[in-house]
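1. model this:
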Amino acid sequence: MNKIVVVTGAGAGVGRAVVEEFARHGYDVALLSRDMARLERTAAELQRVHGVRALAIPTDVADADKVEEAAARIEAELGPIDVWVNVAMATVFAPVSKLTAQEFERGTKVTYLGQVHGTMAALSRMRTRNRGTIVNVGSALAYRSVPLQSIYCAAKFAVRGFTDALRSEIIHDRLNVHLTLVDLPALNTPQFDWALNKMGKKAKPVAPIFQPEVAARAIYFAATHKRREVWVGFPTVKAILANYIAPGLLDRYLAKAGYEGQLSDEPVAPDAPSNLFDPVPGDYGSHGRFDSESKSASLEMFAVRHRGVLCALGALAGIGIAGGIGLLIRKNRGA
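-> Predicted structure coming up:
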């Protein structure tokens with residue numbers, strides 16, 4: 001019998017790429033998102049292309065009861081959940097001075113509490129079986145915030161804090177449940193076209209941009225390997241480390257470059273969609289409008305996935321260099 005994975009935010013963007021990646025590896029997939037039509041199309045495609053079972057359940061992850069109901073239905077119809085991946089997110093492009101309390105609340109409920117609700121639903125079932133994997137999805141922006149995305153950044157900081165606290169509890173309880181956090185870089189997803197935008201110009205990811213399949217492969221890797229945390233893409237590594245070294249310098253740099261770096265020259269249409277409070281209908285996939293600018297691979301993730309081989313090669317190279325130096329020394333002594 002196939003293993004079973006649950007993916008929130010599965011209708012588009014990273015979540016859509018994640019369900020494809022797991023299905024490609026033979027997992028039966030439960031898809032959670034708000035737009036039922038898009039979920040059903042995705043589920044039908046996964047069944048047709050990969051021959052796996054795919055269950056589409058319209059779910060607003062901000063509603064804890066709905067997430068719990070979805071988990072119960074998944075286990076009743078597909079079987080015990082092996083992996084739960086929390087991807088769903090919502091954001092607003094605007095400075096804090098232009099945001100409302102309702103927008104902060106909604107973005108926080110989806111991006112932060114959505115991961116809490118998913119984790120709780122998964123863990124309550126995995127605890128009884130003493131097995132399973134939960135993947136929470138973070139961001140480089142969980143370490144280094146940027147202007148115009150205070151809702152998203154704060155929520156991702158909260159996800160990191162929640163994950164670290166829970167990890168210690170799992171260790172304390174000696175549970176055989178793997179909890180991991182995957183921190184993502186800028187990605188080519190539809191969020192830049194349907195996130196609420198109050199800036200008057202279309203939003204864009206800060207280069208370098210990666211395709212969502214890079215994130216999906218990293219999430220699958222994190223789910224199937226015992227890694228505490230996975231940083232995806234060298235830009236993520238640089239942002240995290242730079243903030244440790246010179247946070248004040250980054251504050252000033254982002255005050256100058258953080259606005260124009262996230263905005264294009266194209267105006268936002270008066271009737272531009274927004275998915276903050278309601279789903280945006282349409283045949284959206286995993287990719288956004290930045291295909292020509294996006295990278296389909298990450299050398300940093302290649303190194304993470306193959307660190308054993310690279311360490312062995314490094315050790316062999318070191319032995320070879322040491323042997324060569326030793327030979328030279330012996331030759332010089334004999335001269």
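2. which ones are touching the residue minimising distance to the centre of the chain?
-> What sits nearest the mean C-alpha location of the chain, by Cα atoms, centre = their mean, is V137, with 3.8 Å. For V137, the contacting residues are V14, V85, N86, V87, M89, Q115, V159, L181, V182, L184, I219, by Cβ atoms under 8 Å, 6 or more residues apart in numbering. For the C-beta atoms, the positions are set from N, CA and C on the backbone; glycine is no exception.
3. same thing but 10 Å
-> Applying Cβ atoms under 10 Å, 6 or more residues apart in numbering, we find V137 in contact with 8-9, 14-15, 18, 85-89, 111, 115, 156, 159, 180-184, 215, 218-219, 222, 232.
4. Mind checking which of these land in helices?
-> V14, G15, V18, Q115, K156, V159, A215, A218, I219, A222 (DSSP state H).
5. Just the mean pLDDT for stretch 289-301, thanks.
-> Averaging pLDDT along stretch 289-301 gives 80.
6. Span of stretch 141-155 from start to end?
-> Taking Cα to Cα, to the nearest Å, the first and last residues of stretch 141-155 lie 10 Å apart.
7. what about A44, helix or strand, and which?
-> helix 36-50 (DSSP states H and E).
8. For that helix, list every residue counted as buried.
-> For helix 36-50, the buried set under the neighbour-count rule, 16 or more other Cβ atoms under 10 Å, comprises R38, L39, T42, A43, L46, H50.
9. Mean confidence (pLDDT) on that helix, please.
-> For helix 36-50, the per-residue pLDDT averages 96.
10. what would the ones in helices among the contacts of V137 look like in a markdown table with neighbour count?
-> Putting these into a markdown table (neighbours: other Cβ atoms under 10 Å) gives the following:
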| residue | neighbour count |
| --- | --- |
| V14 | 27 |
| G15 | 29 |
| V18 | 31 |
| Q115 | 30 |
| K156 | 27 |
| V159 | 26 |
| A215 | 30 |
| A218 | 30 |
| I219 | 29 |
| A222 | 25 |
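11. What segments of this structure are strands?
-> 4-8, 28-33, 54-58, 83-86, 92-93, 132-139, 177-184, 196-197, 201-203, 209-210, 229-231, 263-267, 294-295 (DSSP state E).
12. can those go into JSON lines with extra columns for distance to Y244?
-> Putting these into JSON lines (distance: least, Cβ to Cβ, whole Å) gives the following:
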{"stretch": "strand 4-8", "distance to Y244": "30"}
{"stretch": "strand 28-33", "distance to Y244": "35"}
{"stretch": "strand 54-58", "distance to Y244": "40"}
{"stretch": "strand 83-86", "distance to Y244": "26"}
{"stretch": "strand 92-93", "distance to Y244": "27"}
{"stretch": "strand 132-139", "distance to Y244": "16"}
{"stretch": "strand 177-184", "distance to Y244": "14"}
{"stretch": "strand 196-197", "distance to Y244": "31"}
{"stretch": "strand 201-203", "distance to Y244": "27"}
{"stretch": "strand 209-210", "distance to Y244": "23"}
{"stretch": "strand 229-231", "distance to Y244": "13"}
{"stretch": "strand 263-267", "distance to Y244": "28"}
{"stretch": "strand 294-295", "distance to Y244": "25"}
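13. how's the protein carved up into domains?
-> Residue ranges for the domains of the chain, per automatic domain parsing: 4-297, 298-335.
14. what's the span of the first one from first residue to last?
-> Right, the one you point to is domain 4-297. Terminal-residue distance, domain 4-297 (Cα to Cα): 26 Å.
15. which one of the ones in helices among the contacts of V137 is nearest M199?
-> M199 has its nearest neighbour among these in K156, at 20.2 Å by Cβ to Cβ.
16. if we can go back for a sec, which of the buried residues of helix 36-50 sits closest to N197?
-> R38 (21.1 Å).
17. got a list of what that closest one touches?
-> R38 neighbours (Cβ under 10 Å, 6+ apart): 10-12, 16, 31, 56, 58, 279-285.
18. swap in G11?
-> By Cβ under 10 Å, 6+ apart, the neighbours of G11 are 19, 31-42, 56, 58, 88, 190, 275, 279-280, 284-286.
19. can you rerun that using 8 Å?
-> L31, S33, R34, D35, R38, L39, T42, P279, Y284.
20. likewise K3?
-> Counted by Cβ under 8 Å, 6+ apart, K3 has contacts G26, Y27, D28, D82, V83.
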